[in-house]
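Asker: Sequence plus the predicted model coming up.
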Amino acid sequence: SQQGEEDPQALSIQEGENATMNCSYKTSINNLQWYRQNSGRGLVHLILIRSNEREKHSGRLRVTLDTSKKSSSLLITASRAADTASYFCATGDNAGNMLTFGGGTRLMVKP
Amino acid sequence: DTGVSQDPRHKITKRGQNVTFRCDPISEHNRLYWYRQTLGQGPEFLTYFQNEAQLEKSRLLSDRFSAERPKGSFSTLEIQRTEQGDSAMYLCASSRAGLTEGFYNEQFFGPGTRLTVL
């Protein structure tokens, strides 16, 4: 079963705009990871945020984590057409044995 | 750079046949995971190895599924008597064990094996 739920399920923006995706989860976590998946390609790891962290940056990506609300957000700034992909959040449990993925947000960036 | 590799990339089989997939993890990673992804959904965990020991299995992994990692390096996933519901992308991932207890690292995924059962 999927623990996380991404919101929105689909997002269409113009190149240069920012894209924000949200993820909610149900149980306690050790970490939360965001992945990107292009059509026909594998999952690419974007960023990992640990349960004791609140915000993390990597290039044009900004991730926040609110463990009290069991939610996270991924912000992509100055989007590019190449950012078109599905984005998944995945929570790592305290045993560190597996990731539980949400259903993903399908982002389309129009040139 | 050698990331996670999987073979084959695509497999078409008839219902009732057995199939086997192979995963080669990143060489220094001691953890290896198998996930299944159906169209429009996120991946779902199947099983996990630390070195050669299979430590966890999902309830999704019926008795028709078996996974091995005999020498703690590559892994195989076999599906016996395939059913149409087994059609999916099978993803392998690997990670390095954390240096300290409770410190887990990101998982790196391979390109997947797309299985179609006719």
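Answerer: Cool, the structure landed.
Asker: How many neighbouring residues does the closest residue to A:G42 other than its chain neighbours have?
Answerer: In this structure, A:G42 finds its nearest non-sequential neighbour in B:P111, 4.2 Å apart by C-beta to C-beta, 6 or more residues apart in numbering or on different chains. Yep, even glycine has a C-beta here, placed from its N, CA and C like the rest. Applying other C-beta atoms under 10 Å in any protein chain shown, we find 18 residues neighbouring B:P111.
Asker: residues near the closest residue to chain B within chain A, how many?
Answerer: Closest residue of chain A to chain B, C-beta to the nearest C-beta: A:F101 (3.2 Å). Per other C-beta under 10 Å, the neighbour tally for A:F101 reads 25.
Asker: Does it touch B:T38 like I think?
Answerer: No. Using C-beta atoms under 8 Å, A:F101 is not in contact with B:T38; the gap is 11.7 Å.
Asker: which residues are common contacts for the two?
Answerer: With C-beta atoms under 8 Å, 6 or more residues apart in numbering or on different chains applied, the contact sets of A:F101 and B:T38 do not overlap.
Asker: Kindly provide the distance from B:G3 to B:N51.
Answerer: The gap separating B:G3 from B:N51 is 20 Å, by C-beta to C-beta, to the nearest Å.
Asker: same thing with B:S95?
Answerer: Separation of B:S95 from B:N51 (C-beta to C-beta): 13 Å.
Asker: Can you pick out the residue with more neighbours from these two?
Answerer: Each of B:S95 and B:N51 had its neighbours counted (other C-beta under 10 Å), and the higher figure belongs to B:S95 (24 against 13).
Asker: do you know how far A:A78 is from B:P70?
Answerer: From A:A78 to B:P70 the distance is 48 Å (C-beta to C-beta).
Asker: And the strands in chain B?
Answerer: Under the criterion DSSP state E, chain B contains strands at B:5-7, B:10-13, B:19-24, B:31-37, B:44-50, B:53-57, B:65-68, B:75-79, B:88-95, B:108-109, B:113-117.
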